[in-house]
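Trainee: take a look and give me a structure for this.
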Amino acid sequence: MAHPGDRHTPGQAGPDLFSAIDELRRHPPFNQMAPEHVREFAAAARAVHFRRGQLVVAPEDGPVRELFFIRRGAVTGQRGLSDLAGGAFQYEAGDLFPVSAVLAQRAPTTRYSASEDTEALAISAEQMQALAARSAVFGDFLNRRILTFLALSRTALQTAYASRVLAEQSWETPLAQLVHRTPVACAADTPLREVLQRMHDERVGAMVVLDAAGAVVGILTRSDVLHRVALAEVPLHTPVSAVMVQPVHTLPSERTAQEAALLMSAQGVRHVPVLQQGRLMGVVSERDLFALQRLSLKHVSSRLRDARDLGEMREAATEIQAFARRLLGQGVQAQQLTALISHLNDVLTGRLLELTARRHGLDLRRMCWLALGSEGRNEQTIATDQDNALILGEGQEAAPWLAFAREVNEALDACGYPLCKGDIMASNPACCLTLADWRERFGHWIEYGSPQDLLNASIYFDFRALAGDRALAERLREWVTPRAQATPRFLRQLALNGLRQSAPLNWLGNIDTTEVEGRQTLDLKLQGTALVVDVARLYALANGVSATGTRERLASVGPPMGVPPAEHQAWIGAFDFLQTLRLRAQLDGRTVAGNPNRIALDDLHDIDRRLLKEVLRVLRSLQQRVRLDYER
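Mentor: Numbers count the residues shown, from 1 in each chain. Below is the predicted model of the structure:
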């Protein structure tokens, strides 16, 4: 057992300067500092060694006099016996400690001891302060460590995706990948009036003309209409063959985007029919080639809104992933990215609702379609199933709306949003209710709080109006929020239920992984984001906050709870980081055992692995707050 006197002593040999500089520059913040400042740290430091179990720093020592950089080995911080089940935190090679205590010139609140034989560099508090004054990078890191790690992680992520984005935007893309919709074509004897009406209805810029055998014989574009039809005053009963452009410049589907661009430039055309084994496959336009280089939110959402049937919806849905990957490459953060993904999913669902309601002869204004769960929170990642419900308007019968909802749910499944295994979908009669019935159902959950009720709360309480009469959802929210806030028993049950899953840190402070397929893994949803989501929902309901988004909830509950801004900003930063890891793993296809949220730790680079430990420590602290508030 280590004792206070079993410590390092002053006057030990200084480190080899060149090897120390080399080791420092492998880790943040030194890898971003000016060379002279790294050298200053190394020159001021002395080498210290700790045996396994040896005490390094303890509260009874008084104000901390040195900052340590771990070269090899590990040091564990422990607050006391009462925290052995969840209060430890381990520092590894590349870590600095105890930063907060040295900055504040106070005694540490944690006992630090070597968990294995450890070598470190130590500089005095005075030397640390002097270097922080000269190096803005070093000073900023000491004061904003988690935020700095987040920034470094985003930079590394952006760099990794930038090259991939450029590759995806390559002019070598086969034309077959650029054809996004079934071709719009007509026979040569079709009257102009019908051709122009179809171009207008189908929202296309070109009509391809086919002969009886299906071969391309002509084309008429919007620009052709001006001088070949309007200015020439051609009667609209004239067959299209009289004004169509011939010959037509076509390309096989295996040719590339670059070849299409060169052909357009050489021939002065904006549309190229694409053939597959001699048959018309589709048309590539100048706009398609532009979109290849700059896939935009407007482009993707327009494709979704313009889709005419399920086939086109499925094709357009595939662009959501491509768009998300390119946004990652541009450095877009998790908050904005998940909001954009949710927005596009909303557009897709809204279009499906519109098309399906038209087929069923139903008026969407007679109901409200609700998004639940992650979509209700605007926090959808790429791999997500569907959770939805329906509020029936006054006097509406359930039967026709259930048939409508079933078709919508199946169409969403076809577009890549799997059916909910728990059947939490609008096609389930239990999820297709009047406003009065929904109030009764929420009231039952709040009043009784059984395990199933609490599970329902984790999904249904995050509802958001997606389409239809949004006032129905607003009236339900206005009823639910104060009812939950006024029921302490329900809030306590919600809190205890959320604490059943703890932040995955073991008693030494290391990430508590699960071996799957021979790899050490972690479920970023179950053991990460879900923990933050549960706490945010709990405190939002307890404080009468009507927001459904996790970030908005955390930002809103901080002030009334008396939480310092830096603390609830750390909660938000932790949530954003975990969301980013989930998105990256899903877009890369680097998840484990078919679970879209399970990652292998050896797939993370050093910065993300270290930041993940810091983030899990934040989650543990957040859960400790819940225990203090609700376990009494």
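Trainee: which intervals of the stretch 51-200 of the chain have sub-threshold pLDDT?
Mentor: Low-confidence segments of the stretch 51-200 of the chain (pLDDT under 70): 79-88, 143-172.
Trainee: actually the chain, not the one I typed
Mentor: Short version for the chain, where the test is pLDDT under 70: 1-15, 79-88, 143-172, 290-298, 328-333.
Trainee: which helix is the longest one in it?
Mentor: Assignment by DSSP state H gives helix 334-360 as the longest helix of the chain.
Trainee: and that one, what's buried?
Mentor: Judged by neighbour count (16 or more other Cβ atoms under 10 Å), helix 334-360 contains these buried residues: 334-335, 337-353, 355-357. C-beta coordinates here come from the backbone N, C-alpha and C atoms, glycine included.
Trainee: in the next helix or strand after that helix, what's buried?
Mentor: Later in the chain than helix 334-360, the nearest helix or strand by DSSP states H and E is strand 367-371. Buried residues in strand 367-371, counted by 16+ other Cβ under 10 Å: 367, 368, 369, 370, 371.
Trainee: next: stretch 594-610.
Mentor: Residues 595, 596, 597, 598, 599, 600, 603, 604, 607, 608, 610 are the ones in stretch 594-610 that count as buried (16+ other Cβ under 10 Å).
Trainee: rebuild the residues you listed as TSV, extending it with secondary structure and distance to residue 584.
Mentor: Below are the buried residues of stretch 594-610 laid out as TSV (DSSP: H, G, I helix; E, B strand; the rest coil; distance: Cβ to Cβ, whole Å):
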residue	secondary structure	distance to residue 584
595	strand	15
596	coil	12
597	coil	12
598	strand	13
599	strand	9
600	strand	13
603	helix	9
604	coil	10
607	helix	13
608	helix	9
610	helix	16
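Trainee: show me which of those is closest to residue 402.
Mentor: For these, the residue nearest residue 402 by Cβ to Cβ is residue 596; the value is 29.5 Å.
Trainee: ok, now how distant is the closest one from residue 325?
Mentor: Distance, residue 596 to residue 325, using Cβ to Cβ, to the nearest Å: 15 Å.
Trainee: run the chain-centre distance for stretch 346-353.
Mentor: The chain centre lies 20 Å from the centre of stretch 346-353; the measure is Cα atoms, centre = their mean, to the nearest Å.
Trainee: and the contacts of it?
Mentor: Stretch 346-353 has contacts (Cβ atoms under 8 Å, 6 or more residues apart in numbering) with 301, 304-305, 307, 310, 313, 316-317, 320, 364, 369, 371, 375, 388, 408, 411-412, 415, 466-468.
Trainee: among these, which are located in helices?
Mentor: 301, 304, 305, 310, 313, 316, 317, 320, 375, 408, 411, 412.
Trainee: buried subset of these as a PyMOL selection?
Mentor: Isolation of the buried members of the ones in helices among the contacts of stretch 346-353 (16+ other Cβ under 10 Å) is achieved in PyMOL through the command below:
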select buried, resi 301+304+310+313+316+317+320+375+408+411+412
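Trainee: any chance of the ones in helices among the contacts of stretch 346-353 in CSV, with distance to residue 547 too?
Mentor: Converted to CSV, these look like this (distance: Cβ to Cβ, whole Å):
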residue, distance to residue 547
301, 24
304, 26
305, 27
310, 34
313, 30
316, 30
317, 28
320, 25
375, 15
408, 27
411, 30
412, 25
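Trainee: what sits closest to residue 481 if chain neighbours are left out?
Mentor: residue 546 (5.2 Å; Cβ to Cβ, 6 or more residues apart in numbering).
Trainee: ugh, wrong one, residue 33
Mentor: Using Cβ to Cβ, 6+ apart and skipping the chain neighbours, the partner closest in space to residue 33 is residue 137 (4.9 Å).
Trainee: what sits against the one you found?
Mentor: By Cβ under 8 Å, 6+ apart, the contact set of residue 137 is 29, 32, 33, 34, 37.
Trainee: got the angle between the longest helix of the chain and strand 367-371?
Mentor: Relative orientation of helix 334-360 versus strand 367-371 (axes from the mean of the first three to the mean of the last three Cα atoms, to 10 degrees): 150 degrees.
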